[in-house]
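Student: Build me a model from this:
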Amino acid sequence: MEKQEKIALINKKMVTAELLYEQACKLTNLSQELKLAVDFIDHLCVDSRVDKDTLNAFVASGSLSNVTDVLQNIQHSISDVSNSICPDLDND
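Tutor: As a prediction, this is how the structure comes out:
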């Protein structure tokens, strides 16, 4: 009995190097955005140790909600990429 090779499909498309590369690029971009957000928060923490008013001014300006929005967008985008690379399991 000869074993049949299964073809992996993602969103009904055959998995190719190009498809995987595209998704890897999306993850790399998200990683860079996340690093920028973390670096910004890190810098804000250091500044707030030197000048307590820095953090208060940042929060009062509404900028904290911008950081939250960026982090939530990154979270959703990572979830989208994760879902888009999940193979179709009904391929028999």
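Student: Pick out the residue nearest the middle of this protein.
Tutor: Ile78 (3.6 Å; CA atoms, centre = their mean).
Student: which residue sits closest to that residue, ignoring its sequence neighbours?
Tutor: For Ile78, ignoring the flanking residues on the chain, the nearest one in space by CB to CB, 6 or more residues apart in numbering is Leu30 at 5.7 Å. (Glycine included, C-beta is placed from N, CA and C.)
Student: does the one you found really touch Ser79, like I thought?
Tutor: No. Look at Leu30 against Ser79 with CB atoms under 8 Å: they stay out of range, at 10.5 Å.
Student: Poorly predicted segments of this structure, please.
Tutor: Along the chain, segments meeting pLDDT under 70 span 1-4, 87-92.
Student: try 50 this time
Tutor: Within the chain, the segments meeting pLDDT under 50 span 91-92.
Student: which helix is the longest one in it?
Tutor: In the chain, with assignment by DSSP state H, the single longest helix is helix 17-50.
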